[in-house]
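Colleague: From the sequence below, what's the structure:
(2 chains)
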Amino acid sequence: MSNDFYTSKILPYAAIIIKICRAYTNSKEDFEDYYQEVCLQIWRSHHNFKEASEWSTWVYRITLNVCLTLLKKKKNNKQHFASDYAPPEFAQDSHAFEDEQLNQLYDAIRQLSEIDRGVIMLYLEEKSYQEIAEIIGTNPNNIGVRIRRIKARLKNILDKKNGEFN
Amino acid sequence: MENSIEIIWKNGFLKDSALVAPKLNNLYNQKSKHIIDKFQRMFKMNLILIVLGSFIVLVASFIVGLPYTGVPMFVGMNVLVFLNKKLLNSLKLVDKCKNTYDYLKAFDSWLKFQVNTNKKFARFFYPFVFLSMITGFWMKKSGDQNIGHLAVKKILLTYPDLQLVGGVPVVGVLGVLLIVGILALLAGRIYEWDLKIIYGRIFKKFDELLADIKELRA
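Modeller: Presented below is the predicted three-dimensional model:
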(Lines give C-alpha, C1' and ligand atoms only; values in the text may rest on other atoms or scores of the structure.)
Protein backbone atom coordinates (compact mmCIF):
# COMPACT_ATOMS: atom_id res chain seq x y z
CA MET A 1 0.00 0.00 0.00
CA SER A 2 1.59 3.24 -1.07
CA ASN A 3 1.58 6.34 1.11
CA ASP A 4 -0.44 8.09 -1.60
CA PHE A 5 -3.16 5.48 -1.45
CA TYR A 6 -3.30 5.61 2.33
CA THR A 7 -3.31 9.41 2.42
CA SER A 8 -5.87 9.94 -0.30
CA LYS A 9 -8.16 6.93 -0.02
CA ILE A 10 -8.06 5.83 3.61
CA LEU A 11 -6.98 8.69 5.84
CA PRO A 12 -10.02 10.89 5.03
CA TYR A 13 -12.17 8.06 6.41
CA ALA A 14 -9.84 7.09 9.25
CA ALA A 15 -12.13 8.63 11.87
CA ILE A 16 -15.11 6.48 10.94
CA ILE A 17 -12.90 3.40 10.57
CA ILE A 18 -11.53 4.05 14.06
CA LYS A 19 -15.01 4.62 15.49
CA ILE A 20 -16.35 1.40 13.97
CA CYS A 21 -13.32 -0.67 14.97
CA ARG A 22 -13.64 0.59 18.53
CA ALA A 23 -17.22 -0.68 18.62
CA TYR A 24 -16.04 -4.21 17.83
CA THR A 25 -12.98 -4.33 20.09
CA ASN A 26 -12.26 -3.76 23.75
CA SER A 27 -8.50 -3.53 23.88
CA LYS A 28 -5.89 -1.35 22.23
CA GLU A 29 -4.17 -4.38 20.68
CA ASP A 30 -7.38 -5.70 19.11
CA PHE A 31 -8.32 -2.23 17.92
CA GLU A 32 -4.97 -1.77 16.18
CA ASP A 33 -5.24 -5.22 14.59
CA TYR A 34 -8.74 -4.49 13.31
CA TYR A 35 -7.75 -1.06 12.02
CA GLN A 36 -4.75 -2.46 10.17
CA GLU A 37 -6.75 -5.32 8.74
CA VAL A 38 -9.41 -2.89 7.50
CA CYS A 39 -6.74 -0.74 5.82
CA LEU A 40 -5.22 -3.82 4.22
CA GLN A 41 -8.55 -5.08 2.96
CA ILE A 42 -9.42 -1.66 1.50
CA TRP A 43 -6.09 -1.63 -0.28
CA ARG A 44 -6.37 -5.24 -1.44
CA SER A 45 -9.88 -4.87 -2.77
CA HIS A 46 -9.75 -1.36 -4.18
CA HIS A 47 -9.35 -2.84 -7.68
CA ASN A 48 -12.82 -4.30 -7.27
CA PHE A 49 -14.38 -0.90 -6.59
CA LYS A 50 -16.75 -0.39 -9.50
CA GLU A 51 -17.82 3.19 -8.74
CA ALA A 52 -21.41 2.01 -8.61
CA SER A 53 -21.45 3.50 -5.12
CA GLU A 54 -19.53 6.21 -3.30
CA TRP A 55 -15.98 5.39 -2.24
CA SER A 56 -17.02 6.21 1.34
CA THR A 57 -19.82 3.62 1.15
CA TRP A 58 -17.30 1.08 -0.09
CA VAL A 59 -14.94 1.93 2.80
CA TYR A 60 -17.72 1.62 5.41
CA ARG A 61 -18.84 -1.68 3.95
CA ILE A 62 -15.34 -3.15 4.02
CA THR A 63 -14.79 -1.82 7.54
CA LEU A 64 -17.94 -3.50 8.80
CA ASN A 65 -17.28 -6.73 6.94
CA VAL A 66 -13.72 -6.97 8.27
CA CYS A 67 -14.86 -6.22 11.82
CA LEU A 68 -17.63 -8.82 11.60
CA THR A 69 -15.24 -11.42 10.17
CA LEU A 70 -12.56 -10.80 12.77
CA LEU A 71 -15.10 -10.84 15.58
CA LYS A 72 -16.50 -14.11 14.29
CA LYS A 73 -13.01 -15.60 14.14
CA LYS A 74 -12.30 -14.41 17.66
CA LYS A 75 -15.57 -15.88 18.91
CA ASN A 76 -14.84 -19.17 17.19
CA ASN A 77 -11.36 -19.28 18.68
CA LYS A 78 -12.25 -18.29 22.21
CA GLN A 79 -15.94 -19.13 22.31
CA HIS A 80 -16.52 -15.96 24.28
CA PHE A 81 -20.27 -15.97 24.17
CA ALA A 82 -22.75 -18.18 22.42
CA SER A 83 -25.45 -15.60 21.68
CA ASP A 84 -25.30 -12.68 19.30
CA TYR A 85 -25.17 -10.27 22.23
CA ALA A 86 -22.03 -9.62 24.22
CA PRO A 87 -22.42 -9.76 27.99
CA PRO A 88 -21.44 -6.52 29.78
CA GLU A 89 -18.12 -7.89 31.03
CA PHE A 90 -16.92 -8.23 27.43
CA ALA A 91 -18.14 -4.76 26.53
CA GLN A 92 -15.73 -2.96 28.89
CA ASP A 93 -12.96 -1.18 27.04
CA SER A 94 -9.48 -1.36 28.51
CA HIS A 95 -8.50 1.36 26.03
CA ALA A 96 -10.95 4.05 27.04
CA PHE A 97 -11.74 7.47 25.60
CA GLU A 98 -11.22 10.62 27.64
CA ASP A 99 -14.95 11.32 27.73
CA GLU A 100 -16.69 9.14 30.32
CA GLN A 101 -20.12 9.41 28.69
CA LEU A 102 -18.65 8.35 25.39
CA ASN A 103 -17.06 5.35 27.10
CA GLN A 104 -20.39 4.35 28.57
CA LEU A 105 -22.05 4.72 25.19
CA TYR A 106 -19.38 2.55 23.57
CA ASP A 107 -19.74 -0.07 26.30
CA ALA A 108 -23.48 -0.08 25.61
CA ILE A 109 -22.94 -0.32 21.84
CA ARG A 110 -20.65 -3.31 22.39
CA GLN A 111 -23.55 -5.11 24.04
CA LEU A 112 -25.62 -4.87 20.86
CA SER A 113 -25.74 -7.54 18.21
CA GLU A 114 -22.95 -7.30 15.65
CA ILE A 115 -25.14 -5.94 12.86
CA ASP A 116 -26.91 -3.49 15.19
CA ARG A 117 -23.54 -2.09 16.17
CA GLY A 118 -22.83 -1.34 12.51
CA VAL A 119 -26.26 0.22 11.99
CA ILE A 120 -26.03 2.52 15.01
CA MET A 121 -22.48 3.59 14.15
CA LEU A 122 -23.58 4.65 10.69
CA TYR A 123 -26.66 6.37 12.12
CA LEU A 124 -24.51 8.29 14.61
CA GLU A 125 -22.27 9.29 11.73
CA GLU A 126 -25.39 10.84 10.18
CA LYS A 127 -25.64 8.51 7.23
CA SER A 128 -29.04 8.46 5.56
CA TYR A 129 -31.27 5.40 5.90
CA GLN A 130 -30.64 4.75 2.21
CA GLU A 131 -26.86 4.79 2.72
CA ILE A 132 -27.07 2.63 5.83
CA ALA A 133 -29.22 0.11 3.98
CA GLU A 134 -26.77 0.11 1.08
CA ILE A 135 -23.78 -0.44 3.35
CA ILE A 136 -25.44 -3.10 5.48
CA GLY A 137 -27.11 -4.69 2.45
CA THR A 138 -30.68 -4.51 3.68
CA ASN A 139 -34.00 -2.87 2.86
CA PRO A 140 -34.05 0.89 3.65
CA ASN A 141 -37.67 0.59 4.86
CA ASN A 142 -36.55 -1.48 7.83
CA ILE A 143 -33.72 0.79 8.88
CA GLY A 144 -35.86 3.40 10.65
CA VAL A 145 -37.62 0.82 12.78
CA ARG A 146 -34.38 -0.94 13.50
CA ILE A 147 -32.67 2.29 14.59
CA ARG A 148 -35.55 3.13 16.93
CA ARG A 149 -35.29 -0.32 18.46
CA ILE A 150 -31.50 -0.04 18.83
CA LYS A 151 -31.77 3.39 20.43
CA ALA A 152 -34.34 2.07 22.88
CA ARG A 153 -32.05 -0.79 23.78
CA LEU A 154 -29.08 1.54 24.19
CA LYS A 155 -31.15 3.83 26.38
CA ASN A 156 -32.19 0.84 28.46
CA ILE A 157 -28.58 -0.27 28.93
CA LEU A 158 -27.44 3.24 29.79
CA ASP A 159 -30.39 3.80 32.14
CA LYS A 160 -29.57 0.63 33.96
CA LYS A 161 -25.99 1.79 34.26
CA ASN A 162 -26.62 5.22 35.76
CA GLY A 163 -30.19 6.38 35.05
CA GLU A 164 -28.93 9.65 33.61
CA PHE A 165 -29.30 9.27 29.88
CA ASN A 166 -32.14 9.71 27.46
CA MET B 1 -27.60 15.84 33.18
CA GLU B 2 -29.54 14.43 30.27
CA ASN B 3 -27.91 13.75 26.96
CA SER B 4 -29.16 11.90 23.94
CA ILE B 5 -26.83 9.35 22.42
CA GLU B 6 -26.39 11.65 19.41
CA ILE B 7 -25.14 14.48 21.64
CA ILE B 8 -22.87 12.18 23.63
CA TRP B 9 -21.45 10.95 20.35
CA LYS B 10 -20.80 14.40 18.93
CA ASN B 11 -19.44 15.96 22.12
CA GLY B 12 -17.38 12.91 22.99
CA PHE B 13 -15.35 13.13 19.83
CA LEU B 14 -15.06 16.90 19.87
CA LYS B 15 -12.88 16.88 22.96
CA ASP B 16 -11.13 13.60 22.32
CA SER B 17 -7.78 12.92 20.75
CA ALA B 18 -8.50 9.19 20.35
CA LEU B 19 -9.28 9.46 16.66
CA VAL B 20 -5.63 9.54 15.68
CA ALA B 21 -5.07 6.65 13.32
CA PRO B 22 -2.57 4.05 14.49
CA LYS B 23 0.66 3.88 12.55
CA LEU B 24 0.81 1.24 9.87
CA ASN B 25 4.58 0.66 10.08
CA ASN B 26 4.19 -2.65 11.79
CA LEU B 27 1.45 -3.72 9.48
CA TYR B 28 2.81 -7.13 8.62
CA ASN B 29 4.97 -7.94 11.60
CA GLN B 30 2.30 -9.63 13.65
CA LYS B 31 0.82 -11.40 10.65
CA SER B 32 4.17 -12.84 9.57
CA LYS B 33 5.06 -13.87 13.09
CA HIS B 34 1.68 -15.51 13.50
CA ILE B 35 1.89 -17.46 10.22
CA ILE B 36 5.46 -18.63 10.79
CA ASP B 37 4.76 -19.61 14.40
CA LYS B 38 1.67 -21.51 13.25
CA PHE B 39 3.69 -23.33 10.60
CA GLN B 40 6.38 -24.25 13.14
CA ARG B 41 3.78 -25.55 15.57
CA MET B 42 2.13 -27.63 12.83
CA PHE B 43 5.49 -28.89 11.64
CA LYS B 44 6.53 -29.93 15.15
CA MET B 45 3.17 -31.59 15.76
CA ASN B 46 3.50 -33.44 12.47
CA LEU B 47 6.91 -34.79 13.51
CA ILE B 48 5.56 -35.89 16.90
CA LEU B 49 2.69 -37.67 15.17
CA ILE B 50 5.11 -39.45 12.81
CA VAL B 51 7.18 -40.68 15.79
CA LEU B 52 4.03 -41.88 17.57
CA GLY B 53 2.85 -43.46 14.32
CA SER B 54 6.16 -45.26 13.87
CA PHE B 55 5.80 -46.90 17.31
CA ILE B 56 2.21 -47.87 16.56
CA VAL B 57 3.31 -49.39 13.23
CA LEU B 58 6.15 -51.25 14.96
CA VAL B 59 3.95 -52.74 17.68
CA ALA B 60 1.09 -53.50 15.29
CA SER B 61 3.44 -55.17 12.81
CA PHE B 62 4.60 -57.65 15.48
CA ILE B 63 1.01 -58.28 16.57
CA VAL B 64 -0.17 -59.09 13.04
CA GLY B 65 3.02 -60.98 12.17
CA LEU B 66 4.50 -58.48 9.74
CA PRO B 67 7.77 -57.49 11.48
CA TYR B 68 9.60 -57.28 8.13
CA THR B 69 7.22 -54.44 7.29
CA GLY B 70 7.10 -52.84 10.71
CA VAL B 71 10.80 -52.64 11.51
CA PRO B 72 11.94 -51.02 8.23
CA MET B 73 8.97 -48.63 8.34
CA PHE B 74 9.81 -47.73 11.93
CA VAL B 75 13.40 -47.02 10.93
CA GLY B 76 12.35 -45.13 7.78
CA MET B 77 9.84 -42.94 9.62
CA ASN B 78 12.34 -42.07 12.33
CA VAL B 79 15.02 -41.22 9.77
CA LEU B 80 12.43 -38.91 8.20
CA VAL B 81 11.78 -37.29 11.59
CA PHE B 82 15.51 -36.96 12.32
CA LEU B 83 16.08 -35.29 8.97
CA ASN B 84 13.19 -32.87 9.45
CA LYS B 85 14.15 -32.12 13.04
CA LYS B 86 17.58 -31.09 11.77
CA LEU B 87 15.88 -28.92 9.14
CA LEU B 88 13.67 -27.37 11.81
CA ASN B 89 16.72 -26.62 13.97
CA SER B 90 18.31 -24.80 11.05
CA LEU B 91 15.25 -22.52 10.96
CA LYS B 92 16.23 -21.24 14.39
CA LEU B 93 19.38 -19.80 12.80
CA VAL B 94 17.25 -17.40 10.73
CA ASP B 95 17.70 -13.97 12.28
CA LYS B 96 14.37 -12.87 13.73
CA CYS B 97 15.66 -9.35 14.21
CA LYS B 98 15.62 -8.81 10.45
CA ASN B 99 12.84 -6.68 9.06
CA THR B 100 9.60 -8.49 8.17
CA TYR B 101 10.36 -8.76 4.47
CA ASP B 102 13.87 -10.17 4.99
CA TYR B 103 12.60 -12.53 7.66
CA LEU B 104 9.83 -13.80 5.40
CA LYS B 105 12.28 -14.18 2.51
CA ALA B 106 14.67 -16.12 4.75
CA PHE B 107 11.79 -18.31 5.88
CA ASP B 108 10.70 -18.79 2.27
CA SER B 109 14.24 -19.93 1.33
CA TRP B 110 14.24 -22.32 4.28
CA LEU B 111 10.85 -23.65 3.24
CA LYS B 112 12.00 -24.26 -0.34
CA PHE B 113 15.13 -26.02 0.90
CA GLN B 114 13.02 -28.10 3.29
CA VAL B 115 10.57 -29.09 0.53
CA ASN B 116 13.40 -29.95 -1.90
CA THR B 117 15.23 -32.04 0.70
CA ASN B 118 12.05 -33.93 1.53
CA LYS B 119 11.24 -34.44 -2.14
CA LYS B 120 14.65 -36.04 -2.62
CA PHE B 121 14.17 -38.15 0.48
CA ALA B 122 10.70 -39.17 -0.73
CA ARG B 123 12.27 -40.73 -3.86
CA PHE B 124 13.82 -43.30 -1.53
CA PHE B 125 11.24 -43.31 1.21
CA TYR B 126 8.12 -44.20 -0.79
CA PRO B 127 9.73 -47.11 -2.69
CA PHE B 128 11.31 -48.20 0.62
CA VAL B 129 7.87 -48.27 2.29
CA PHE B 130 6.46 -50.22 -0.65
CA LEU B 131 9.33 -52.73 -0.57
CA SER B 132 9.03 -53.19 3.17
CA MET B 133 5.32 -53.93 2.75
CA ILE B 134 6.02 -56.48 0.01
CA THR B 135 8.80 -58.04 2.09
CA GLY B 136 6.60 -58.13 5.16
CA PHE B 137 3.79 -59.96 3.39
CA TRP B 138 6.26 -62.25 1.59
CA MET B 139 7.90 -63.23 4.86
CA LYS B 140 4.68 -63.55 6.87
CA LYS B 141 4.44 -67.04 8.31
CA SER B 142 1.61 -69.34 7.42
CA GLY B 143 2.21 -72.59 9.25
CA ASP B 144 5.85 -73.55 8.69
CA GLN B 145 6.28 -71.57 5.52
CA ASN B 146 6.29 -67.97 4.31
CA ILE B 147 3.21 -66.70 2.47
CA GLY B 148 5.49 -65.74 -0.43
CA HIS B 149 6.82 -69.26 -0.90
CA LEU B 150 3.34 -70.75 -0.62
CA ALA B 151 2.04 -68.29 -3.22
CA VAL B 152 4.88 -69.19 -5.62
CA LYS B 153 4.12 -72.88 -5.16
CA LYS B 154 0.47 -72.31 -6.01
CA ILE B 155 1.30 -70.18 -9.04
CA LEU B 156 3.73 -72.84 -10.26
CA LEU B 157 0.91 -75.39 -10.24
CA THR B 158 -0.95 -73.27 -12.79
CA TYR B 159 2.11 -71.93 -14.66
CA PRO B 160 4.80 -74.62 -14.30
CA ASP B 161 7.07 -72.94 -16.90
CA LEU B 162 7.29 -69.68 -14.93
CA GLN B 163 10.89 -68.42 -14.67
CA LEU B 164 12.16 -67.82 -11.15
CA VAL B 165 14.98 -65.70 -9.75
CA GLY B 166 16.00 -66.68 -6.22
CA GLY B 167 12.66 -68.44 -5.79
CA VAL B 168 10.65 -65.42 -6.97
CA PRO B 169 8.83 -65.30 -10.32
CA VAL B 170 10.64 -62.98 -12.76
CA VAL B 171 7.29 -61.38 -13.66
CA GLY B 172 6.75 -60.55 -10.00
CA VAL B 173 10.24 -59.07 -9.66
CA LEU B 174 9.69 -56.99 -12.79
CA GLY B 175 6.30 -55.84 -11.49
CA VAL B 176 7.78 -54.80 -8.17
CA LEU B 177 10.67 -53.02 -9.90
CA LEU B 178 8.20 -51.22 -12.15
CA ILE B 179 6.17 -50.00 -9.17
CA VAL B 180 9.35 -49.00 -7.33
CA GLY B 181 10.43 -47.05 -10.40
CA ILE B 182 7.05 -45.32 -10.72
CA LEU B 183 7.04 -44.47 -7.01
CA ALA B 184 10.56 -43.06 -7.25
CA LEU B 185 9.55 -41.01 -10.27
CA LEU B 186 6.33 -39.72 -8.77
CA ALA B 187 7.67 -39.35 -5.23
CA GLY B 188 8.14 -35.59 -5.58
CA ARG B 189 4.55 -35.12 -6.72
CA ILE B 190 3.18 -37.44 -4.05
CA TYR B 191 5.12 -35.50 -1.42
CA GLU B 192 3.80 -32.18 -2.77
CA TRP B 193 0.26 -33.55 -2.72
CA ASP B 194 0.78 -34.73 0.85
CA LEU B 195 2.20 -31.34 1.79
CA LYS B 196 -0.71 -29.52 0.20
CA ILE B 197 -3.22 -31.49 2.24
CA ILE B 198 -1.51 -30.68 5.54
CA TYR B 199 -0.04 -27.22 4.98
CA GLY B 200 -1.93 -26.02 1.87
CA ARG B 201 -3.91 -23.25 3.58
CA ILE B 202 -0.99 -21.89 5.55
CA PHE B 203 1.27 -21.92 2.47
CA LYS B 204 -1.37 -19.98 0.55
CA LYS B 205 -1.59 -17.36 3.30
CA PHE B 206 2.17 -17.14 3.42
CA ASP B 207 2.41 -16.62 -0.36
CA GLU B 208 -0.26 -13.91 -0.21
CA LEU B 209 1.56 -12.19 2.61
CA LEU B 210 4.87 -12.28 0.77
CA ALA B 211 3.21 -10.98 -2.41
CA ASP B 212 1.60 -8.13 -0.44
CA ILE B 213 4.89 -7.12 1.12
CA LYS B 214 6.66 -7.28 -2.25
CA GLU B 215 4.00 -4.96 -3.66
CA LEU B 216 4.32 -2.66 -0.66
CA ARG B 217 8.04 -2.36 -1.23
CA ALA B 218 7.67 -1.77 -4.96
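
Colleague: going forward, measure contacts between C-alpha atoms and count neighbours the same way
Modeller: Fine.

Colleague: Give the residue spans of chain B that score low on pLDDT.
Modeller: Scanning chain B for pLDDT under 70 picks out B:1-3, B:15-18, B:23-31, B:95-100, B:215-218.

Colleague: for chain A, same thing?
Modeller: A:1-3, A:76-97, A:163-166.

Colleague: Pick out the residue closest to the middle of it.
Modeller: A:I20 (3.1 Å; Cα atoms, centre = their mean).

Colleague: tally of neighbours for A:K50?
Modeller: 10 (other Cα atoms under 10 Å in any protein chain shown).

Colleague: where's B:I134, which helix or strand?
Modeller: helix B:100-139 (DSSP states H and E).

Colleague: helices and strands around that helix, which ones?
Modeller: helix B:29-63, helix B:67-91, helix B:147-158, helix B:170-217 (3 or more Cα pairs under 8 Å, 6 or more residues apart in numbering or on different chains; DSSP states H and E).

Colleague: Spatially nearest residue to A:S56 (excluding sequence neighbours)?
Modeller: Sequence neighbours aside, A:Y13 is the residue nearest to A:S56 in space, at 7.3 Å (criterion: Cα to Cα, 6 or more residues apart in numbering or on different chains).

Colleague: List the contacts of A:L105.
Modeller: A:154, A:158, B:5, B:8-9 (Cα atoms under 8 Å, 6 or more residues apart in numbering or on different chains).

Colleague: one step back: if you count neighbours, what's buried in the helix holding B:I134?
Modeller: Within helix B:100-139, the residues scored as buried using 16 or more other Cα atoms under 10 Å in any protein chain shown are B:100-101, B:103-104, B:106-108, B:110-111, B:114-115, B:118-119, B:121-139.

Colleague: among the contacts of A:L105, who's most crowded?
Modeller: When neighbours are counted by other Cα under 10 Å, A:L154 leads these with 24 neighbours.

Colleague: Could you list every helix and strand in contact with the strand or helix carrying that residue?
Modeller: Using DSSP H and E, A:L154 falls within helix A:140-162. Applying 3+ Cα pairs under 8 Å, 6+ apart, one finds that helix A:140-162 contacts helix A:100-109, helix A:114-124, helix A:129-136.

Colleague: Select, out of these, the one closest to B:Y68.
Modeller: When the helices and strands packed on helix A:140-162 are compared by Cα to Cα, helix A:114-124 sits nearest B:Y68, at 60.1 Å.

Colleague: A:K160 versus A:I109, what's the distance?
Modeller: In this view, A:I109 and A:K160 are 14 Å apart by Cα to Cα, to the nearest Å.

Colleague: Of these two, which one has the most company?
Modeller: A:I109 (27 against 11).

Colleague: ok, for that one, nearest residue in space, not its chain neighbours?
Modeller: A:R117 (6.0 Å).

Colleague: now B:G76
Modeller: Closest to B:G76 by Cα to Cα, 6+ apart is B:F125, at 6.9 Å.

Colleague: before we move on, what about A:I17?
Modeller: Using Cα to Cα, 6+ apart, the nearest residue to A:I17 is A:T63, at 6.3 Å.

Colleague: what about that neighbour, neighbour count?
Modeller: 25.

Colleague: Touching the helix or strand harbouring it from outside, list them.
Modeller: Following DSSP H and E, one finds A:T63 within helix A:55-78. Outside helix A:55-78, the residues that touch it by Cα under 8 Å, 6+ apart are A:10, A:13, A:16-17, A:20-21, A:24, A:34, A:37-38, A:41-42, A:49, A:81, A:114, A:118, A:131, A:134-136.

Colleague: rewinding a little: would you mind finding the most buried of the helices and strands packed on helix B:100-139?
Modeller: Compared across those, helix B:67-91 shows the largest average neighbour count, a mean of 18 (mean count of other Cα atoms under 10 Å in any protein chain shown).

Colleague: Need the residues that contact that one.
Modeller: B:47, B:50-51, B:54-55, B:57-62, B:107, B:110, B:114, B:121, B:125, B:128-129, B:132-137, B:139.

Colleague: Can you tell me how far B:G76 is from B:F82?
Modeller: Separation of B:G76 from B:F82 (Cα to Cα): 10 Å.

Colleague: oh sorry, the question was meant for B:V171
Modeller: On the measure of Cα to Cα, B:V171 and B:F82 end up 37 Å apart.

Colleague: Could you do A:Q130 as well?
Modeller: Going from A:Q130 to B:F82 by Cα to Cα gives 63 Å.

Colleague: contacting residues for A:I135?
Modeller: A:57-58, A:60-61.

Colleague: What distance do you get for B:Y103 to B:K33?
Modeller: For B:Y103, the distance to B:K33 - Cα to Cα - is 9 Å.

Colleague: likewise B:F203?
Modeller: From B:F203 to B:K33 the distance is 14 Å (Cα to Cα).

Colleague: same deal with B:F113?
Modeller: Noted for B:F113: a distance of 20 Å to B:K33, by Cα to Cα.

Colleague: picking up where we left off before, buried only: go through the contacts of helix A:55-78 for me.
Modeller: A:10, A:16-17, A:20-21, A:24, A:34, A:37-38, A:41-42, A:114, A:118, A:131, A:134-136.
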